[in-house]
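>>> Predicted structure and sequence below. I'll ask about it afterward.
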Amino acid sequence: MSNNIHMFIRMIHEEVKDDEDDAAITTFLVEQYAQHMDHDFFSHHGGSVLNHRVINRNRAEGHERLYRDYFADSLTYPSQLFRRRFRMHRSLFLRIQAAIETHDQYFVQRFDVVGVPGLSSLQKMIAALRMLAYGSPADAVDKYVRIGESTTIESLKKFTKTVVEIFGEQYLRWPNTSDIARLMSVAEQRGFSAEDRGPEVSYTINRHKYTMRYYLVDGIYPSWRTFVKTIPSPQGNKKKFFATQQEYARKDVEQAFGVLQSRFAIVRGPGRMWDVETLKYIMTSCIILHNMIVEDERDTTHEDVDFNYDAVATTPTINLSCNRTSKVMEFIQVHH
């Protein structure tokens, strides 16, 4: 036993020296406790959860580093890098931060009884955005942001749900009159009619004249007359040209989803959560954030916007073989 334990036993004997039975019992209990402390199975944990070790991450240092790098008067990283890493301009980021702090007290920084600051809304929001933007694991931001894995997951859930609750009604609504007028104006600039109906269509395929409108689709759609698919393995310049143009001009929704995937890599990769509700909030919040970014950058010229986002290594693609193996064939022959 350590010297501290021996000193404690002597103190007990001095206090209860008039009662030998009490002294013996107390000595026995202290020695038993000391033996347990030496055993491997006894958990030395600093928190209220068994087998959980408290790591002093110095959260204040993490907050100060983030502030110096991206939000101070003398920035470490310029605004272009901020947008590449967080998918939006700093002004929109601060607008969302102020809104979620007002809506949910979880994002308001708190202090413990001795005045040590907890995680700031800046740290929680950046941890959530890094997971959404990069599709990275929850513990990937620990070293820089100074936030634990479980707290990052909690922040992601809270952030996505809060974004849907605050901004869902505005950024998931049907187009209003001003939206339609703006879209029609853009369409007119690109050669389409400004009227509230599609242009007249007339075309000939295989010497048959058609006036029915059609959609450019890929091979997963059914063989309907309104669906025009590409030509698989086109032969000849004419078919190659048609296939190229068809694939180039395919549905806008597919292009929009491709932009969404490039902006928020978590949409492109495997699901990070298990429950359907959380996955729904993640997907919906990414769409809302995408619409907010589009609105924020609507008046910005294309040349001033960088669409090359920072990304981590993509998930390796596994090529699955559809050929029957010899073992499978043997199994079929035996049990057929």
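That came in fine, so what should we check first?
>>> Would you map the helices across the stretch 1-150 of the chain?
3-15, 20-38, 59-70, 79-86, 90-103, 121-134, 142-145, 149-171 (DSSP state H, counting those that start in this stretch).
>>> For residue 281, list the residues it contacts.
With contacts defined as CB atoms under 8 Å, 6 or more residues apart in numbering, residue 281 is in contact with 157, 160, 161, 164. No exception for glycine: its C-beta is placed from N, CA and C like everyone else's.
>>> of those, closest to residue 138?
Lowest distance from residue 138 to the contacts of residue 281 (CB to CB) belongs to residue 157, with 10.9 Å.
>>> which residues touch that closest one?
Taking CB under 8 Å, 6+ apart, one finds 273, 278, 281 in contact with residue 157.
>>> hmm, 10 Å instead?
For residue 157, the contact set (CB atoms under 10 Å, 6 or more residues apart in numbering) comprises 128, 273, 275, 277, 278, 281, 282.
>>> hmm, back to that, deepest-packed of the helices of the stretch 1-150 of the chain, please.
helix 121-134 (a mean of 24; mean count of other CB atoms under 10 Å).
>>> on that earlier part again, ok, the contacts of residue 281 vs residue 221, which is closest?
Of those, the one sitting nearest to residue 221 (CB to CB) turns out to be residue 164, at 30.5 Å.
>>> my read: the closest one touches residue 285, true?
Yes. Residue 164 is within contact range of residue 285, at 5.6 Å (criterion: CB atoms under 10 Å).
>>> quick one, phi psi at residue 259?
For residue 259, the backbone dihedrals (degrees, to the nearest 10) come out as phi -70, psi -40.
>>> how near is it to residue 95?
Between residue 259 and residue 95 the computed distance is 21 Å (CB to CB, to the nearest Å).
>>> before we move on, what about residue 270?
31 Å.
>>> ditto for residue 76
From residue 76 over to residue 95 (counting by CB to CB), the distance is 22 Å.
>>> for residue 107, same thing?
For residue 107, the distance to residue 95 - CB to CB - is 14 Å.
>>> do residue 228 as well
Taking CB to CB as the measure, residue 228 falls 43 Å from residue 95.
>>> Quick check: next helix or strand after the strand or helix carrying residue 188?
Per DSSP states H and E, residue 188 falls inside helix 177-189. Sequence-wise, the next helix or strand downstream of helix 177-189 (DSSP H and E) is strand 203-205.
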